[in-house]
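Q: Fold the following for me, if possible:
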Amino acid sequence: MDMQTEITLLKGELEEVQSTLAKKEKMLEIYERQAKFDAVTGLGSTNSYIEYLGSLNVRALSSIGIILSDINGMQLFNQKYGKEYGTEILKKIADTFLAAFEGHSVFRIGSDEIGIICENITKEDFNNRFQKAKLGLLSTDGEGISAGAKFVENPTDLDQIIKETEILLQKEKEKYHENKQRRGTRANFAALKQLMDDINNKRYEVYLQPKVDCKTGKLSGAEALARFKNSENLYVLPKNFVPSLERESLIRYLDIFVFEEVCRLIALWKIKGYDIVPLSFNFSKVTLLEPNIVKMVHNIHANYKIPKELLEIEVMESASNSEIEDIENVVKEFNAEGFSVALDGFGTQHVSLAMLIMLDVQRIKLDRKLISDIDVNEKSRVVAEHAVKMGRALGLHVTAAGVENQEQYDILKNTECEELQGFLFDKPMSITDFEKKYML
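A: I've put the predicted structure just below:
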């Protein structure tokens, strides 16, 4: 074999060795990445989480924020709709956390669990990012997440902080299961997807029904009501879609949509220089019992910077005895945040007086059924008059709904009722029509 041939062979062998080494290096890179990152979500892997905690010197930090979360009902969701769809939900939740906690460490630490660690973060920033994530998850299919969040300044014991966060997560998980049993049904995910699509495609609109001052008959406020436009572009009344949303425990998504639309509208009126009247909106029992609903409302309101006295939450009175205590706590939290709460539909359910006593509301709204025949039924008139008198004696504002004729109006004018609402004054109308008639 001549020298040139030998050199050529050696060159070929060298190239083969180099190619093999390159392939091994590439495989090693893949293995290392798989060890560091979760292949499905792109989050840090469980191994990375463990290594991160092992190397973290918390005493060197000014603060630390830790969140441990668990995706609710993921196993049942996979069984019902398939793992492929479940994986898409997991990815969306992971993306939401990554966006909210950009610049911080986010890990997938179990099949349905995500952990977040924020170093040297302020408490306000930590809480705002957490609320941003939860708001982002509202549009994600599924039953949401349970999460424990812990913020500590000048941390010293990482194990203790994690342990306390795990306890908070467990409490949230227990609340989820309790609420699930209380609702008696799981959300229909296909229905949820349809609802969110309808909201995004503007099939749901907000209408306003005027309220007037009982003594002067002048505009004093309005109630925001949802209207649905079907495939034939015909408007559907709430009585034809709200009950099904309540049964599916999906009404909270519509309630939050209406609330944000109200905030956006008032902010717009402020820019236009209109004389703004207060707007009320309804929160169902399901919405009130949603974990962290007060924080959610707080953060949405913060985006619009409008006076809270222009907002009023109307709470329906139909609740069981076991639910009243939970609703009582939520109402107290809303009051502490500066939001006014009205007890809607007062006077028709057996729990009315119990809720009136327990709930720290600022207004009662007499149900239309109580008002509908006060002009022809003496008993109804007496009951309505005494309901007004009782409300005023308790220091509450009183609104009467369902006023439809002048005789009813005249009777209520002779009471201490402050505000009236009903077809006698005006029907619910589009925002555009309301502005033309009352704001310009």
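Q: what's the burial count for residue 307?
A: Other residues near residue 307 come to 11 when the count uses other Cβ atoms under 10 Å. Any C-beta I mention is one placed from the backbone N, CA and C, and that applies to glycine too.
Q: can you check residue 411 too?
A: Neighbour tally, residue 411, other Cβ under 10 Å: 19.
Q: That one belongs to a helix?
A: Yes. Per DSSP: H, G, I helix; E, B strand; the rest coil, residue 411 lies within a helix segment.
Q: ok, for it, nearest residue in space, not its chain neighbours?
A: Spatial nearest neighbour of residue 411, chain neighbours left out: residue 374 (5.5 Å); criterion: Cβ to Cβ, 6 or more residues apart in numbering.
Q: and the one you found, how far is that from residue 419?
A: According to Cβ to Cβ, to the nearest Å, residue 374 stands 16 Å off from residue 419.
Q: Show me the helices in the stretch 151-300 of the chain, by range?
A: Taking DSSP state H, counting those that start in this stretch to define them, one finds helices in the stretch 151-300 of the chain at 158-183, 189-200, 242-247, 251-272, 285-288, 293-302.
Q: returning to what we had before: so for residue 374 and residue 419, which sits in the more crowded spot?
A: Neighbour count, other Cβ under 10 Å: between residue 374 and residue 419, residue 374 has more, with 23 against 20.
Q: List the contacts of stretch 333-344.
A: 280, 282, 294, 297-298, 308-309, 311-317, 331, 352, 355-356, 359-365, 367, 397, 399 (Cβ atoms under 8 Å, 6 or more residues apart in numbering).
Q: Which members of those are positioned in strands?
A: Counting by DSSP state E, the contacts of stretch 333-344 place 280, 282, 311-316, 363-365, 397, 399 in strands.
Q: who does the helix or strand where residue 106 lies touch, helix- and strand-wise?
A: Per DSSP states H and E, residue 106 falls inside strand 105-108. When contacts are defined as 3 or more Cβ pairs under 8 Å, 6 or more residues apart in numbering; DSSP states H and E, strand 105-108 packs onto helix 46-55, helix 83-100, strand 113-119.
Q: which of these sits most buried?
A: Ranked by mean neighbour count, the helices and strands packed on strand 105-108 are led by strand 113-119 with a mean of 22 (mean count of other Cβ atoms under 10 Å).
Q: buried stuff in the helix or strand following it?
A: Once strand 113-119 ends, the next helix or strand along the chain (criterion: DSSP H and E) is helix 123-136. In terms of neighbour count (16 or more other Cβ atoms under 10 Å), helix 123-136 has its buried residues at 126-127, 129-136.
Q: quick check, nearest of these to residue 88?
A: Closest to residue 88 out of the buried residues of helix 123-136 is residue 136 (15.4 Å), distances taken as Cβ to Cβ.
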